[in-house]
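*Asks:* sequence first, then the predicted structure:
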Amino acid sequence: MSDTTTTDPAAPPTDPGPDEPRDRGGLLAYLIGHQSGVVIVVALVISLLVGAALIRYQGVNPWYAYETLVREALVTPGGFTRTLQKTAPLVLTGLAVVLPLRVGLFNIGGQGQFAMGAIFGAWVAYVAGGAGFLGALLGMVAGLVFGALVGILVGVLKAYRGVHEVISTIMLNYIVAGVTFWLVVGPLQAESSKTSGIPKTETIPEAAQLSAVAGVPVGFAVAVVLAVACWWMLSRTSLGFRFNTVGANKSAAGYAGIPINRVVVLSMALGAGLAGLGGALEAEGTLHQFEPAIVGTLGFDGITIALLARANPLATIPAAFLVGMLRTGAAGLQFATQTPTLPTGITPEIVDLLLAIILLMVSIPVLGRWIFRSRADKASVATTSWGS
Amino acid sequence: GCGGSTGSGSGGGTDSSASGSADSGAPTDDSNCADEAVFCIGLVTDTGKVDDKSFNQSAHEGAKAAAADLEGYYKYIETQDAKDYAANMQQFTNKKYDVVVTVGFLMTDATVEAAKGSPDTKFIGVDQGYPEGTSETNLTGLVFPEDQAGYSAGYLAGLMTKTNKLGQVLGLEIPPVQKFAKGFENGAKAANPEVSVKTVYHPAGDNAFNDPVWGAGQAKTQLSQGADIIFGAGGNTGNGALQEVAKSKGAGTDTYCIGVDTDQWDTVPAAQPCLITSATKLITKGVTDTITQAKDGEFEGVQTVGEAGLAPYHDFDSKIPDDVKTKVDDVVKQLQDGSLKTDVTL
Amino acid sequence: MLLDIRGLTKSFGSVHANRDISLDVRRGEIVALLGENGAGKSTLVNQIFGLITPDSGTVSIKGDERRIKDPRDAIARGVGMVHQHFQLVPVMTVAENVMLGHESVRGGLLDLDSARRMVRELSEKHRLAVDPDAEVEDLPVGTQQRVEILKALSRRVDLLILDEPTAVLTPQETDELLGVMRELANSGTSIVFITHKLREVLAVSDRVYVLRQGEVVGEVATKDTDATRLATMMVGREVVLSIDKTAATPGDTVLEIEDLHVSDDRGLAAVDGLSLTVRAGEIVGVAGVEGNGQRELVEALAGMRKVGSGRMRLKDLDLTTADPYRTHHAGVGHIPEDREKHGIVGTYSIADNLVLNEFDQAPYSKSGVRQFDAIRANAERLREEFDIRSSGVMQTAGSLSGGNKQKVVVAREMSFEPTLLMAAQPTRGVDVGSIEFIHRRIVEARDAGAAVLLVSAELDEILSLSDRIAVVHGGAVVAEMDAADADRTEIGRLMAGDH
Amino acid sequence: MQTWIAKNRTTLVIAAVVVVAAYVFYYAKNDIAPSMYVSAWGYAIPLVLASLVGVIGERSGVVNIGIEGQMLIAAFAGFFVAAYSGSMLAGVLAGVGSGLVAGAFLAWTTVRWRMDQIIAGVVLNIVATGITSFYYTPGQILPGVIPNLTVPGLSSIPLIGDVFFTGESAIALFAIVAALLVHVGLFRTRWGLRTRAVGEYPSAADTAGIDVERLRIINVTLAGSLAGLAGVYLSMDASSTFERSMTAGRGFLALAIMIMGMWRPLRAFSMALFFGFISAVASQLQQTGGFAVPPQLTGTLPYVATLVVLAVAAGRVRAPGAVGQPYVKKDQ
Ligand SMILES: Nc1ncnc2c1ncn2[C@@H]1O[C@H](COP(=O)(O)OP(=O)(O)OP(=O)(O)O)[C@@H](O)[C@H]1O
Ligand SMILES: Nc1ncnc2c1ncn2[C@@H]1O[C@H](COP(=O)(O)OP(=O)(O)OP(=O)(O)O)[C@@H](O)[C@H]1O
Ligand SMILES: [Mg+2]
Ligand SMILES: [Mg+2]
């Protein structure tokens, strides 16, 4: 992958490179200097316009639709908290993609890693629930560890057996889905559900549930702290330098004495661990138990978020917030737009469509080139080492 | 620059603050649900869609029918994420809807919670069996004896099979599906001790009810192993199996299929060449009836038992021998009056 | 006039790679292009071959002035080119590589037989032996270069462009190639020849154009010039072509290699029973035809490659099991052979590259946290000291010219005063000005007491820098001698396996 | 020929063992073996087509992680066009055509605009999911079926004839032909030589006079039509319905199979069969009573087997050299 330090605020101040414009002053020069930010804003605007056209085509006033979406997600009582609640796991599954991506690995196993963390997090928090917040903490640790175990398997297969991580993570998504489902209708099934057969674990005792403090869910706070920590780690520490170097030039990393295999395993373990932690937080914070449906599409959304964030850990927060907001508002949007003439309302799938357009616009290099003529980055935002 | 302007679309907008339903006839919006005279019905799906050809769709149709009958107002929300159940129900309770239907046993806990929180709204939980001690009076769980429907279908299949081999292609291994499946097996064996039943559940979690290709493949395998009647029970996965049988060589003469949940003669027309019947639970009727109860006053109890049975034979009416029909009718009756047990335990 | 270039201009952003260049090549003439790294030689010839579109000016071939759109177009007009970097598909056979782009087809399928036949005929005709069925990646670089030449000759060529074809060749191979060039020229083919080695220019060319900063600064007939004058023209100042060094005063043994066996990437024995010692304060030059285990030797010493058997010791440290990290921290500096691959991280700044193997040490890192001030200060100091030409230390290393990239590597590896300095092909593809500089630094390191192991395919470099010379063949040292007693032809004979 | 045998000895031995075992099983357990083979092939058909898409793309230097989306769009377009127009042929053409368009999208964004190939594929998948679920309408049925054919001669070979050539759908037969054609094409024709060169070492192809971008665009676009056919197979042949997300991850599985098949069409074909067979075994284990492992766990068997095979064999696998990287010419 190409290094993303151009957008990385941690890099020491840069000398004006030979390519930087000296001939244009003022606002334009400033914008060019911050072009990735500008490109994203323009991309968002274009996407929303395209989305508006789709909504209009359905016979609904786009302005009203967007307003509803935002109102439901941010203004409606409890809406903001729910948006943050949705944002939290998305930040973590986003980071689960970002960390390995920095090393050149494409982790599309967020689904499985999240589920693994969720089920064991829920179970440990239930067992240790008597210990109150300590139990919740243990649950988080369990989520982290079990997510990481999946990641370690992927990393070890990659580093020592040459199994491509895209393949192993896909396979593990299926395997984990099978195993967790079996656990939840078998050994870890809640007693009360044994007769009804509902696949879920025991409810976590209230003391060990994570709630919102002043409208901010604990999970969200944890996710933000971890995103900042990841950013700091990647940009300021020796470990981050190891990650980035392996991602930028494996041969040089080996030459420089960086243990590539260990970095590969570690990045997968950390990434998957964060996804697992996301699962545990989700189980402890929202459903208070594990159900297979807890995963939803959170793991796959993580990919979208990492790509939107251009592999920058800090940027996963706004990216996840955007996704969380759209998903929170979607139900209210459908609710508000159902009329006798449009009995289905604007279906929630509009969100997927919007996200696809946004991602397309954000990552299409021509957009930057078009806005900034020849000055745009040549390289694309974050690339993976598919072949190696 | 960026052309176009966001607000250019004029009219056509849905204005939620438009005037209420002053006059006679069904209300046209939900701004006055709190009003005694305005009867509002809401429905929340589990993570399925209202066009899923399965229980969400049946419940949706039941609620729609009730709204039409009772001159009520009806809206629904399709849940995208299991964590949104509460919030989605709240959309309705905030607007003081009179009845909220929640669909699917996955929403069991959430529905009880919501019922506690909104005593003025009546909740109907389709496929939901509540734990002992649930005492809310504004709540009823609509459950169906799936095992009986399965048993009757199995009984019919046991009598009809020439190869003595039956197949079942099923969705996820969860209670409603298991009850259908085990009922089917018991019924078939009761009708014909010689019979053997091949059973296969979809293994994966995510798309277990939405993998028609897999279902079709399983049906094909079972057919080639000699099964001549296949019971497809598992949303679109099961429908895939039905369609595969419908395409097979002896469809309608040597091989048959049996649908599930609703009369799939209507919902899966592609299966008509082989579809002798469907093991149904009358969700649509059940939902309409309980909504009517809710409007008129009180629910029967915390649980309401709906009807389950067999759909009409449609075009196969003439092809099924009369004695078979009689025997099956008997079984259906005995199951209904309780004199025959399906012996299904999970 | 076969090739006539008028007013050719090309810039990349703010870099003027070619400025108003005019030159011509007659039929059957060999014209050499000389110039420092980045002078614009490759840019110039790439425009003739249609790889780069000129900003202005014309290239006319046999009087045809139409713009050359792409390589296909150039090939059609009789231009063949051997590129500075190999343009061979590694996983394909020689025959497949040669036929690529002008395949013969029979019955809809590739006619590999006729391609084989063509390769055999050509290689006989030009006495460039290759096996048409060998996979290119299995071939030594010298042979790969032959394939490149065959590839160019397999089509009708009136103008052959050779961009630094000898950079990877041994003296013998170089001489063979120069012979082929002469023959081709005699039979009417015109040749444009780029090299950094003045000896070759003088040996084979008819005329020389010298480029500096994108401009033609001189044109001379070869017979009217000599090496010193050419070098001066290139650099714009006097260059010292011979190395000025005092006799070595060797100290204790620093590196001791005993009966070393190492395999190459394909698992074949590459280093095969090699023994060698290097003492403090001396430069030991390893001479040998490329592919005789030098690369594997250096990589094994650097900890980048597993050792089969044998012993390597750096003072008291056992190097046989050490990884690059331990090796480096034991005081081994390593200028790697392939600087793009191993030596630098192109997307990183010069500053980061200058601490590539010290990044987790004080003062560049404290408790695992990187110290950007220290990193920057270090970079500023080394940039000054090693004359790294760049816009600043935060410029990305990938955007530097080859010579300056090499200076970054050299600066890094010398800055920590290594006990052992391993320099593998330290001046490959580097212009004379930079060569002079790098050589001087290597001698200075020796004088400061470092043991230096110099591996080079450049016999001149070995002869002028080393205090002691070890000739390797077949993965083992076949002869060792004092540099003072060394004889060029004798070493050439030993390198060729004649011992 | 002899060198070929020597080079491929392990493969040949394994292949021989597998074939012999297959026949033994076929004759020994005639009540279930044939149905399991048929079932295995049933699983394999879309995977074969889709993995060919991957092979062609990656051999040209373009990762196609959007196969899933290409299939989904094609399944959607094929089904609904057939349903609304009343013509199966129109549906098939629409499906293949939409695969082509999706392929062209990937080709254009990655090759011409040099968008990251993985991102482009992910975008394609999301767009496909979004469009097909947003515009899905229930209650449509197909006007007919894809014709089934029996190949004279080939169908009388024991086992192979029954599984592959008797009453097989035209698309399944085409998948066999396609695998053979792509194999021969890649390794024996001018197109293949150039494609491999472009995927391994594009600048070598460029300097040999080959238009790298053009070839990549053509290949990735045309491969899209195979993905389209795979999608058509899912919604119009294997099942007779379109449902949201009905591809169910098969596009991703196809990529795994491509890698297991070492980027070679015929090996990918066998790996798809292998995967199909393990899936068939997993289902069979559920149905054959007396086997105590829960279905959720037997269901993971194909994925576990894939991982094990890759872990054992992957060391020797090497992707095409330039895969994933856009080709940037000298002066751009
Ligand atoms: N693609 C490019 N983009 C930007 N600048 C370039 C590009 N190619 C060449 N240059 C610049 O053009 C100048 C001439 O480069 P060129 O490759 O022609 O040098 P050269 O004489 O061949 O050097 P060397 O001896 O190292 O091969 C250099 O300053 C280089 O930085
Ligand atoms: N995209 C680029 N942007 C800026 N400069 C470039 C670019 N690509 C190449 N160059 C410069 O062009 C010059 C020539 O490039 P080339 O690939 O021929 O390498 P080189 O310097 O000749 O390498 P070597 O020293 O190994 O011969 C180099 O100075 C290099 O830094
Ligand atoms: Mg050059
Ligand atoms: Mg050079």
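*Replies:* Thanks, I have the structure now. Ligands and ions are numbered 1, 2, ... in the order given.
*Asks:* find the nearest non-adjacent residue to C:V355, please.
*Replies:* Nearest residue to C:V355, sequence neighbours excluded (C-beta to C-beta, 6 or more residues apart in numbering or on different chains): C:Y364, at 4.9 Å. Every C-beta, even on glycine, is put in place using the N, C-alpha and C of the backbone.
*Asks:* tell me where the model's unsure across chain B.
*Replies:* B:1-26, B:204-205 (pLDDT under 70).
*Asks:* kindly report the same for chain C.
*Replies:* Ranges of chain C meeting pLDDT under 70: C:239-241, C:499.
*Asks:* against B:N236, how distant is the closest residue to B:T45 other than its chain neighbours?
*Replies:* Closest residue in space to B:T45, ignoring its immediate chain neighbours: B:N56 at 4.6 Å, by C-beta to C-beta, 6+ apart. Here B:N56 is placed at a distance of 12 Å from B:N236 (C-beta to C-beta, to the nearest Å).
*Asks:* which one of these two is surrounded by more residues?
*Replies:* B:N236 (29 against 26; other C-beta atoms under 10 Å in any protein chain shown).
*Asks:* hmm, A:N244 and A:A253 touching each other?
*Replies:* No. Between A:A253 and A:N244 there is no contact under C-beta atoms under 8 Å: 9.2 Å.
*Asks:* wait, what's in contact with A:A148?
*Replies:* Residues in contact with A:A148 (C-beta atoms under 8 Å, 6 or more residues apart in numbering or on different chains) are A:269-270, A:272-273, A:276.
*Asks:* is it true that D:A238 touches B:Q218?
*Replies:* No. Checked against C-beta under 8 Å, the pair D:A238 and B:Q218 is beyond contact range at 11.4 Å.
*Asks:* comparing these two, which residue is more hemmed in?
*Replies:* B:Q218 (32 against 29).
*Asks:* what's downstream of the helix or strand of chain A with the lowest mean pLDDT, the next helix or strand?
*Replies:* Every helix and strand in chain A was compared by mean pLDDT, DSSP states H and E; the lowest is helix A:26-33, with a mean of 48. Note on helix A:26-33: by DSSP states H and E, the next helix or strand toward the C-terminus is helix A:35-57.
*Asks:* do that next one and chain C meet at all?
*Replies:* No. Figure legend: helix A:35-57 not in contact with chain C (C-beta under 8 Å from any C-beta of the partner chain); closest approach 15.7 Å.
*Asks:* name the spans of chain A whose pLDDT lies under the cut-off.
*Replies:* A:1-36, A:368-388.
*Asks:* for it, give the helix that spans the most residues.
*Replies:* Longest helix in chain A, counting residues (DSSP state H): helix A:133-161.
*Asks:* can you tell me how far C:S399 sits from chain D?
*Replies:* 14 Å (C-beta to the nearest C-beta, to the nearest Å).
*Asks:* ok, that residue - how many residues close by?
*Replies:* 17.
*Asks:* same check on A:S235?
*Replies:* 20.
*Asks:* next one: A:I204
*Replies:* Under the neighbour criterion other C-beta under 10 Å, A:I204 is assigned a count of 28.
*Asks:* helix or strand for it, which one?
*Replies:* For A:I204, there is no host helix or strand (DSSP H and E).
*Asks:* ok, now how distant is it from chain D?
*Replies:* 23 Å.
*Asks:* pretty sure that residue sits against A:G139.
*Replies:* Yes. Between A:I204 and A:G139 there is a contact under C-beta under 8 Å: 7.4 Å.
*Asks:* what sits in contact with each of these two?
*Replies:* A:122, A:125, A:283-284.
*Asks:* and stretch C:174-184, what's buried?
*Replies:* Neighbour-count burial for stretch C:174-184 flags C:174-178, C:180-181, C:184 (criterion: 16 or more other C-beta atoms under 10 Å in any protein chain shown).
*Asks:* now stretch A:246-264
*Replies:* A:246-260, A:263-264.
*Asks:* stretch C:339-353 now?
*Replies:* For stretch C:339-353, burial by neighbour count (16+ other C-beta under 10 Å) applies to C:339-340, C:342-353.
*Asks:* just to revisit the earlier point, how near is the residue nearest to B:T45 to B:F92?
*Replies:* Between B:N56 and B:F92 the distance is 16 Å, computed by C-beta to C-beta.
*Asks:* what's the answer for C:S456, then?
*Replies:* In terms of C-beta to C-beta, C:S456 sits 82 Å off from B:F92.
*Asks:* which one of the two has more residues nearby?
*Replies:* Legend: neighbour count by other C-beta under 10 Å for C:S456 and B:F92, higher for B:F92 (29 against 24).
*Asks:* list the contacts of the closest residue to the more buried one other than its chain neighbours.
*Replies:* Distance criterion C-beta to C-beta, 6+ apart; nearest residue to B:F92, sequence neighbours excluded, is B:G42 at 3.5 Å. For B:G42, the contact set (C-beta under 8 Å, 6+ apart) comprises B:74-77, B:89, B:91-92, B:97, B:99-101.
*Asks:* can you give me phi and psi for B:G42?
*Replies:* phi -120, psi 160 (degrees, to the nearest 10).
*Asks:* residues from chain C in reach of ligand 3?
*Replies:* C:42, C:84 (C-beta under 5 Å from the ion).
*Asks:* quick one: the helices in the stretch 101-250 of chain B, in order.
*Replies:* Using DSSP state H, counting those that start in this stretch, the helices found in the stretch 101-250 of chain B span residues B:108-117, B:146-160, B:175-191, B:212-224, B:235-247.
*Asks:* for ligand 1, find the nearest of these.
*Replies:* For the helices of the stretch 101-250 of chain B, the distance to ligand 1 is smallest for helix B:212-224, at 49.2 Å, taking C-beta to the nearest ligand atom.
*Asks:* what helix or strand is residue 275 on?
*Replies:* I'll assume chain A. helix A:260-282.
*Asks:* oops, I was thinking of chain C
*Replies:* Secondary-structure element containing C:S275, defined by DSSP H and E: strand C:269-279.
*Asks:* report all helices and strands that that strand contacts.
*Replies:* Counting contacts by 3 or more C-beta pairs under 8 Å, 6 or more residues apart in numbering or on different chains; DSSP states H and E, strand C:269-279 packs against strand C:253-263, strand C:283-287, helix C:294-301, strand C:451-456, strand C:476-482.
*Asks:* to chain D, which of the ones you listed lies closest?
*Replies:* Chain D lies closest, by C-beta to the nearest C-beta, to one member of these: strand C:253-263, at 15.8 Å.
*Asks:* how about B:E146, what does it touch?
*Replies:* B:176, B:179-180, B:183, B:279, B:281, B:308.
*Asks:* now do 10 Å
*Replies:* B:127, B:175-184, B:233, B:260-261, B:279-281, B:308, B:342, B:344 (C-beta atoms under 10 Å, 6 or more residues apart in numbering or on different chains).
*Asks:* check C:E337 too.
*Replies:* Neighbouring residues of C:E337 by C-beta under 10 Å, 6+ apart: C:290, C:294-295, C:298-299, C:343, C:422-426, C:428, C:455-457.
*Asks:* make it 8 Å
*Replies:* By C-beta under 8 Å, 6+ apart, C:E337 lies in contact with C:295, C:298, C:424-425, C:428, C:455.
*Asks:* so of the residues you listed, which two are at opposite extremes in space?
*Replies:* C:V298 and C:R428 (13.4 Å; C-beta to C-beta).
*Asks:* more neighbours: these two, which one.
*Replies:* Shown here are C:V298 and C:R428; by other C-beta under 10 Å, C:V298 has more neighbours (23 against 20).
*Asks:* leaving out chain neighbours, which residue sits closest to that one?
*Replies:* Sequence neighbours aside, C:A424 is the residue nearest to C:V298 in space, at 4.9 Å (criterion: C-beta to C-beta, 6+ apart).
*Asks:* same thing with B:P269?
*Replies:* Nearest to B:P269 is D:I141, by C-beta to C-beta, 6+ apart, at 5.0 Å.
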